[in-house]
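S.K.: just a sequence and a predicted model for now, questions to come.
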Amino acid sequence: MAAPADAHEWVSFEDPDEDRTWLVDVTFLASSWTCIYGAGCNGVLTADAPELAQGCCSYGAHFADDADVERVRGAVGELLATEWQFREIGLRDGVFDTNGETTTTKLEQDACIFLNRPGFFGGVGCAFHLAAARLGVAHKTLKPDVCWQLPLRREDSVDDRGHVTSKVHEWRRIDWGEAGEEFAWWCTEAPEAFGGTEPVVISLADELRGLVGDKAYTRIRSYIEDRRRNPTLLPHPTVRRRKRSSG
């Protein structure tokens, strides 16, 4: 029987150090997905807009918690004028918007205030990326959590005994809520984004370690490297659709 069109392969295992079960999306982490910002990314607006070079930064970043906000607040001071197009505005007017319990980065000219636009002399893209390269640190030490994690997502649920199940998977349209339904384009649905030279478990190793810790990452990587040697590994749905359409 053929697999459903949207089927993914998963693996679960118990954490040796915590009362936790890890549930991991093998299909995505074994895939060749790679970020194509600046190389075919159409952004997440209601119409394709590659010329804007906004990527997934059109709506500002939603912060996970107070610690996330404070880390970014501290990182703002690391940004130079050569790295941040809107530095003067951000330092003068602030970089956060708060609406009830939700805090986001402010928008400037219809996208995140930290996003440098085409034509900026310091370079297009995230100001924190430029600063991280200069400082020789991982960009996840400066950026909002959601920004360095994409397109990965970790969801934790706790049962009535206190046992935690942590699900690690690709960030899908549905994970954006109603806004995701309006995207004209989303990268994990785009065949052109599945042209990386390494599987996601390796290309996003630093991000995965940040999400699950070193021990769990080592187990996940070992398992996926073993599965990739097996011809029964289920390709990503986007790759399967591409093969069907080209066949």
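M.R.: Sure thing, it's come through.
S.K.: what's around the spatially closest residue to residue 62 that is not a sequence neighbour, how many residues?
M.R.: Using Cβ to Cβ, 6 or more residues apart in numbering and skipping the chain neighbours, the partner closest in space to residue 62 is residue 104 (5.2 Å). Using the backbone N, CA and C atoms, a C-beta is placed for each residue, glycine as well. Look at residue 104: counted by other Cβ atoms under 10 Å, it has 19 neighbours.
S.K.: which of the three states applies to residue 104?
M.R.: Under the three-state scheme (DSSP: H, G, I helix; E, B strand; the rest coil), residue 104 adopts strand.
S.K.: please name the bridge partners of it.
M.R.: With DSSP bridges as the criterion, the beta-bridge partners of residue 104 are residue 62, residue 97.
S.K.: tell me the contacts of it?
M.R.: By Cβ atoms under 8 Å, 6 or more residues apart in numbering, the contact set of residue 104 is 59, 60, 61, 62, 63, 96, 97, 98.
S.K.: gap between the residue most central in space within the chain and residue 35?
M.R.: Of all residues in the chain, the one closest to the mean position by Cα atoms, centre = their mean is residue 150, 0.5 Å from it. Taking Cβ to Cβ, to the nearest Å as the criterion, residue 150 is separated from residue 35 by 9 Å.
S.K.: pull out the buried residues from stretch 198-208.
M.R.: 199, 200, 201, 203, 204, 207, 208 (16 or more other Cβ atoms under 10 Å).
S.K.: can you list the residues that contact it?
M.R.: The list of residues contacting stretch 198-208 from outside it, by Cβ under 8 Å, 6+ apart, reads 28-34, 138, 140, 148-149, 152, 168, 196, 217, 220-221, 224-225, 228.
S.K.: can you list the domains in the protein?
M.R.: The record assigns the chain these domain ranges, following automatic domain parsing: 1-35+151-247, 53-149.
S.K.: residues of the longest helix seen in the chain that come out buried?
M.R.: Under DSSP state H, the helix in the chain containing the largest number of residues is helix 214-227. For helix 214-227, the buried set under the neighbour-count rule, 16+ other Cβ under 10 Å, comprises 216, 217, 219, 220, 221, 223, 224, 227.
S.K.: and the next element down the chain from that helix?
M.R.: Past helix 214-227, further along toward the C-terminus, the next helix or strand under DSSP states H and E is helix 237-246.
S.K.: just the mean pLDDT for that next one, thanks.
M.R.: Over the span of helix 237-246, the pLDDT mean works out to 84.
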